[in-house]
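Q: Sequence plus predicted model, see below.
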Amino acid sequence: MRLTSDEQAMLDGAGGPARQKAMDLLVRYAEALGAEAFVDTNNVAGVPGSSTLFLKNYYQQHAGQSDYEAIYSLYDLDADEIVAVPRANAYCCHLQGGMDPDNWAELGMTEEAHAHFQQDEAQVAARGIQILKTCTPYLAGNVPVKGEHCAWMESSAVV
């Protein structure tokens, strides 16, 4: 895996522990897939830090912590320690979070699950990530520029 000097610096910890853990995870994925190098992007879409009550309860039981940073570190970053999660340094949008924000009770969700959902979204937004509530960000204002590399997940990752 060929890294630029900036990517190597992040892997070495220059951008802080969360970025180091994220770069470590990306390098592991890239190596598993046989990638030779990364591409630049400033357009990221996914469900960063979105968790369920199951994950909250699991990490409370197994790690003794279940706040946003604990779940993001241990689950999303696959890290072996809890790190402070910084603001996003690229344009990022949060797709759907798994719960209708208005009709949650009618869909059988509990008040506890709804409160957890709202807390998760607040933590995501506090880190500079746009909340879109859609799997199709290109229909909600995130229209890529021709030739732009996007790092999207979910059904939004269609050509």
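A: Arrived safely, thanks for sending.

Q: which residues touch Val39?
A: Applying C-beta atoms under 8 Å, 6 or more residues apart in numbering to Val39 gives the contacts His149. Placement of C-beta: from N, CA and C, glycine included.

Q: Next, give phi and psi for it.
A: Val39 adopts backbone torsions of phi -110, psi 150, taken as degrees, to the nearest 10.

Q: so how far is Pro101 from it?
A: Val39 sits 34 Å away from Pro101, going by C-beta to C-beta, to the nearest Å.

Q: Show me which positions of stretch 53-60 end up buried.
A: Within stretch 53-60, the residues that count as buried by 16 or more other C-beta atoms under 10 Å are Leu55, Lys56, Tyr58, Tyr59.

Q: tell me the helices in this protein, going along the chain?
A: 5-11, 17-33, 53-63, 68-71, 111-126 (DSSP state H).

Q: Present the ones you listed as TSV; the columns should include distance to Val47.
A: What follows is the helices of the chain, written out as TSV (distance: least, C-beta to C-beta, whole Å):
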stretch	distance to Val47
helix 5-11	22
helix 17-33	15
helix 53-63	12
helix 68-71	12
helix 111-126	9
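
Q: how about those, which one is nearest Val44?
A: Closest approach to Val44 among these (C-beta to C-beta): helix 17-33, 11.2 Å.

Q: What lies in contact with the closest one?
A: The contact list for helix 17-33, computed with C-beta under 8 Å, 6+ apart, reads 1, 3, 7, 10-13, 15, 35, 38, 73, 77-79, 81, 83-86.

Q: so what's the backbone phi/psi at the residue nearest to the spatial centre of the chain?
A: The centre of the chain sits closest to Pro48, judged by C-alpha atoms, centre = their mean, with a distance of 2.0 Å. The phi/psi pair for Pro48 (degrees, to the nearest 10) reads phi -70, psi 120.

Q: Residue ranges in the chain under the pLDDT threshold?
A: 156-159 (pLDDT under 70).

Q: per-domain residue ranges of it.
A: Per the TED database, the structural domains of the chain span 1-38, 39-152.

Q: which of the residues in the shortest one are buried?
A: Read it as domain 1-38. If you call a residue buried by 16+ other C-beta under 10 Å, then domain 1-38 has these buried ones: 3, 7, 10-11, 15, 17-24, 26-27, 30, 38.
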